[in-house]
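Colleague: Sequence plus predicted model, see below.
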Amino acid sequence: MEDGKLSRWQMIAITVLRVAVGWHFLYEGIAKLSSPSWTAAGYLKQARGPFADLFKWLASQPNLLANADLITMWGLSLVGVLLILGLFTRLACLGGIGFIVLFYLANPPFVGYFYSIPTEGSYLIVNKNLVELCALVVILVTGSGRFAGLDVILHGLFGRRTPSR
Amino acid sequence: MAGDDEKVKKTPQTGAAGPRKLDRRDVLKGLSTVPALGLFGYAWHRQRQYQQARIEEAAAAPVAAGDVQEINVALLGAGAQGQVLTDAMLRIPGLRFRAVCDVWTEYNQKRVVNSLKKFKHEVNAYEDYREMLDKEKELDAVVIATPDFWHSQHTVDCLKAGKHVYCEKEMSNTLEGARAMVTAARDTGKRLQIGHQRRSNPRYLHSYEKLLGEAKLLGRIVTINGQWNRALTPDLGAPDRYAIPEARLKQYGFRDMHQFRNWRWFKGLGGGPIVDLGSHQIDIYSWFLGVNPSAVTARGGNLYHDPATHEWYDTVMTVYDYDTPVGPAMAYYQTQTTNGSQGYFENFMGDQGTLLISESDAHAAKVYRDPNAPAWDTWVQRGYITAPKVQEVKEKAEGVTDVRESVSPDEHKVPIVLRDPVHQPHLQNFFDAVRGKATLNCPSEEAYATAVAVLKVNEAIEAKTRLSFKPEDFTI
Amino acid sequence: MDGTLELGESRGGRDVRRFTHEAMATVFEVHAVHPDARYAAQAAQAAFELADRLEGELSRFRANSDIGRVNALSAGGSTSVSPSAMDCLVIARHVFDLTGGAFDVSIGTGLASLELDADNFMVGTTRSGVRIDLGGIGKGYAVDLMAELLEEWGLDLALVHGGFSSLLALEAPAGLDGWPLTLSDPADPSRVLARLSVSQTALGASGLRKGDHIVDPRSGEPVRRRRGAWAALPRPVEARAGARADQGPRIAPAAVADALTTAFMLLDPGEIEALCDRNPGLEAWILLDPADSRHGEASLLHFSGTPQAPPPAAGRPQPE
Ligand SMILES: NC(=O)c1ccc[n+]([C@@H]2O[C@H](COP(=O)([O-])OP(=O)(O)OC[C@H]3O[C@@H](n4cnc5c(N)ncnc54)[C@H](O)[C@@H]3O)[C@@H](O)[C@H]2O)c1
């Protein structure tokens, strides 16, 4: 960011990216909320890779699992809404990154873990989760909410007074 | 968030000094992505509508799931068929297995108890069904798959103990036994379903209701033929180490292990292949024709097996006469156990078409239109049958079109795919009836009429003459 | 694929009775030693009926089989399956993992999208279009169960196979240290590659005739890496009838061997060697295509576990 601002078109593109990622999160969350029987148990039980045991253990703890389910469903939805609206954008990005890291680790396409190859494509280390995570990093560091999003208004109302140049 | 401020300083639009102030531009920019949320809401709404419609469609089809009251069931007779029924019942929601009763405690009983355990049904095991009825007070229903000669006693006692009963065909090996079952069902007011499972098979129901009933595709049915041919197999045996002690065998009416395993072949215990296999299909003859037979002629004998170990006929060929409301009809049926050629099917032939139907997918269900019959386009459009398979005109080697002896009829398929085990819909119908949500597809009165028609075949073979039925033979 | 594994001349074979039955689009055979011909026939018949029952549950060609229902699932759907179908799917996934996807019962349509709830015998899918074909494992599984049934009947000296591509040898007939078997060149069955003598061992065989190829599920490409592959696994004591607790997954060595041979047609020799090293008792043979091997002749490579592993139950092959 040091060497210059982003152009207007660049910012618009990033805003579109933000809304798209937000849309995806929101639907992931809402779809789970509206399916009464959804639980992360299946996903956790099938965890592979270095942290598989941790995830499987989580799946076997009914209390923890219930919390994990709630947090996942509501968390995904909330992150989604915030990203679309451009509200608390950076916080939302951090939250989203957190979720994706968890999903990624539950099924990492690391070298030697060939079995977790998602079958709708072929991945090595980088999979779609990781790409979405990178998108969130871009949104995070460009502060897209301040360009187009409720953060603009928020900042206008409560932001620290800034001296004229 | 310190970094934020730094960046913001650089952006001209918020860089204005002085009191905090939002200009119109800022507000517009701030709200610029809100419509995306609206769009999401709309898209989601549409998606929900679509899903809802799918769910309603699914619910409208058979029984709606949901808050069904749990039915406590017991299995009486855990042999080959008892195991098949158990597997099917494990797929039906809302059932709780409580008990299994079988006299072969060493083998069959253990197998079923263990497989139920896998599905988390903890059951009590009994050798004597009376003890089970005494102890298992909370039972709602009993599913009976013991040898035919036990059916009547088992069914009557279970009904009298206040249980609903699903009893395998053949209802009983004697007509007195079958009559007692019908009466007991009437007296107790409990449901009694007999295991002629084709009566609940979607393929048969569709053919009966839509193809014969509504579309009348076959016109007037004049002849029927059907068969169940089975390849030669060794007699059933049992692992030596699980043999039943002789005293127990005698107690339950069996001479020895051979008879215990092969009861079907013995007089007084079963009825031979014609009763074992034929009753499934002869049941369909009367159901589809809408009348019971008026007479039966039959030949049969032990052409292959040793009558000492196979008392009933290994081969039977029989002809039934029917007086249907639209005129006379005749039906042929054969069963033999030395060659399985073509397996089992029923073939209904009318003046406008033919229906070839079977429980087995090998023949599935097909209808053939007679070339002179009115067009079936309407029924194809409604999805009752598939579009006809195009008949190729065969060319001879010399390139001359073959002179065909008769125009081969168009072949249509009956587009019904059964995705469940074949006994599941019939059991489901029984449990729905127990819940008061359906009427039985094969109540004991219907099955009694079939028993009358089928058991008469063995009589006719012995009498070596044509035997006729009176309409009142079929009612109680 | 048949004919690459054969029962050799059994010297003491006079009392061995043989029974045959068609199921799963192949021919199953039971070879057993028993004094009572009728009893042995009844036991074999019970085993064949079991194979028929399994075909009804596992065949993808039957609309109302467990696999037929699984294949009809759309995204988000689930269905209950029989314990046998669940066993096969669990083993299939295990071998998929072991072989880096070279054995894939979904042939690339998305095994990873299937959710297997083995406790409740439910199979769900997170996407539509997953197509399971248990062709590479079902025969082996049937052979395992049939062998257990024969033991239950007291036929301990027996051998069962499905089309000679999955085979399970129980105890050998008296006077023999094992059931004599030969591995032969699929392209030229008269060319015997190795002779084995086995008992309490599962064997799987895959082979390609001239012009055949198989599809690599990892790439979707038809390939022809080698002409034949065989896998042998000792049958653990726990797999014997009555030895297993009724709960828990079934130990099915023939199913595993069946699945492994399919993978061995594709895996690099190095990967196969690594697998054998990691799994004591596992033995593999691959027959390279002449184009692939050094001398321009189809040559047989043999792999077996590390020396410190317990001696495999399969006898040592003596190259011809
Ligand atoms: N609907 C169908 O498609 C179909 C198919 C096969 C059999 N069946 C019917 O199912 C019934 C059973 O046939 P099967 O092939 O399972 O026979 P089977 O001999 O395999 O099984 C009968 C079982 O009943 C047990 N038994 C016998 N007498 C008993 C008693 N007094 N109390 C408790 N248990 C007793 C036996 O130990 C055995 O386990 C028969 O009526 C047969 O006609 C129906």
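Modeller: Great, that's in hand. Numbering: from 1, shown residues only, chains lettered A, B, ... in the order given.
Colleague: So A:Tyr104, which state does it fall into?
Modeller: helix (DSSP: H, G, I helix; E, B strand; the rest coil).
Colleague: One more: C:His31?
Modeller: C:His31 ends up strand, using three-state DSSP.
Colleague: I figured it was touching C:Ala158, is that so?
Modeller: Yes. Counting by C-beta atoms under 8 Å, C:Ala158 is a contact partner of C:His31 at 6.4 Å. For the C-beta atoms, the positions are set from N, CA and C on the backbone; glycine is no exception.
Colleague: More neighbours: which of the two?
Modeller: Just comparing C:His31 and C:Ala158: by other C-beta atoms under 10 Å in any protein chain shown the higher neighbour count belongs to C:Ala158, 28 against 22.
Colleague: Roughly how far does the more buried one sit from C:Asp15?
Modeller: 12 Å (C-beta to C-beta, to the nearest Å).
Colleague: which residues are common contacts for the two?
Modeller: Common contact partners of C:Ala158 and C:Asp15 (C-beta atoms under 8 Å, 6 or more residues apart in numbering or on different chains): C:Val33.
Colleague: For the residue nearest the centre of chain A, what are phi and psi?
Modeller: Among the residues of chain A, the one closest to the centroid is A:Gly96, at 2.5 Å (C-alpha atoms, centre = their mean). For A:Gly96, the backbone dihedrals (degrees, to the nearest 10) come out as phi -60, psi -40.
Colleague: Am I right that B:Phe97 is in a strand?
Modeller: Yes. Using three-state DSSP, the assignment for B:Phe97 is a strand.
Colleague: and the closest residue to B:Thr233 other than its chain neighbours, how many residues sit next to it?
Modeller: Computed as C-beta to C-beta, 6 or more residues apart in numbering or on different chains, the closest residue to B:Thr233 that is not its neighbour in sequence is C:Gln45, at 5.6 Å. Using other C-beta under 10 Å, C:Gln45 has 18 neighbouring residues.
Colleague: Do I have it right that C:Gln45 meets B:Pro234?
Modeller: Yes. Contact criterion C-beta under 8 Å: C:Gln45 and B:Pro234 qualify, at 4.9 Å.
Colleague: ok, back up a step: so which strand or helix has the residue nearest to B:Thr233?
Modeller: According to DSSP states H and E, C:Gln45 maps onto helix C:37-58.
Colleague: what comes into contact with that helix?
Modeller: So helix C:37-58 is in contact with B:233-240, C:17, C:19, C:21, C:23-24, C:28, C:30, C:32, C:34, C:62, C:65-67, C:81-82, C:84-85, C:88, C:134, C:138, C:141-142, C:145-146, C:149-150, C:153-155, C:160, C:162, going by C-beta under 8 Å, 6+ apart.
Colleague: how about that helix, does it reach the ligand?
Modeller: No. Contact of helix C:37-58 with the ligand (C-beta under 6 Å from any ligand atom) is absent, the minimum separation being 11.0 Å.
Colleague: about what we covered before: mind pulling up the pLDDT for the residue nearest to B:Thr233?
Modeller: Reported pLDDT at C:Gln45 in the predicted model: 97.
Colleague: Please report the distance of it from chain A.
Modeller: Applying C-beta to the nearest C-beta, to the nearest Å, the value for C:Gln45 to chain A is 40 Å.
Colleague: avg pLDDT for the host helix or strand of B:Gln47?
Modeller: Here B:Gln47 sits within helix B:34-60, counting by DSSP H and E. For helix B:34-60, the mean pLDDT works out to 81.
Colleague: what about B:Asp134, how many neighbours?
Modeller: Counted with other C-beta under 10 Å, B:Asp134 comes out at 11.
Colleague: now the strand or helix carrying it: how far from the chain's centre is it?
Modeller: Following DSSP H and E, one finds B:Asp134 within helix B:129-135. How far helix B:129-135 lies from its chain's middle: 29 Å, per C-alpha atoms, centre = their mean, to the nearest Å.
Colleague: pLDDT of the helix or strand hosting A:Phe25, averaged?
Modeller: Using DSSP H and E, A:Phe25 falls within helix A:8-33. Averaging pLDDT along helix A:8-33 gives 91.
Colleague: Please, where are all the helices along chain A?
Modeller: For chain A, applying DSSP state H gives helices covering A:8-33, A:41-45, A:52-59, A:62-85, A:89-106, A:128-142, A:150-158.
Colleague: Point me to the residue of chain B nearest the ligand.
Modeller: B:Gly79 (1.7 Å; C-beta to the nearest ligand atom).
Colleague: How many residues are close by that residue?
Modeller: 21.
Colleague: where in the chain is pLDDT low?
Modeller: All of this refers to chain A. Residue ranges of chain A with pLDDT under 70: A:1-4, A:36-37, A:42-43, A:45-46, A:48, A:109-123, A:159-165.
Colleague: Sorry, I should have been clearer: chain B.
Modeller: B:1-21, B:57-68, B:390-407.
Colleague: quick one, domains of it?
Modeller: As assigned by automatic domain parsing, chain B contains the domains B:2-67, B:71-198, B:202-391+B:407-420+B:452-463.
Colleague: Highest mean neighbour count out of these?
Modeller: domain B:71-198 (a mean of 21; mean count of other C-beta atoms under 10 Å in any protein chain shown).
Colleague: State the three-state secondary structure for the residue lying closest to B:Glu122 once chain neighbours are set aside.
Modeller: Nearest residue to B:Glu122 in three dimensions, chain neighbours excluded: B:Leu116, at 7.9 Å (C-beta to C-beta, 6+ apart). Here B:Leu116 is recorded as helix under three-state DSSP.
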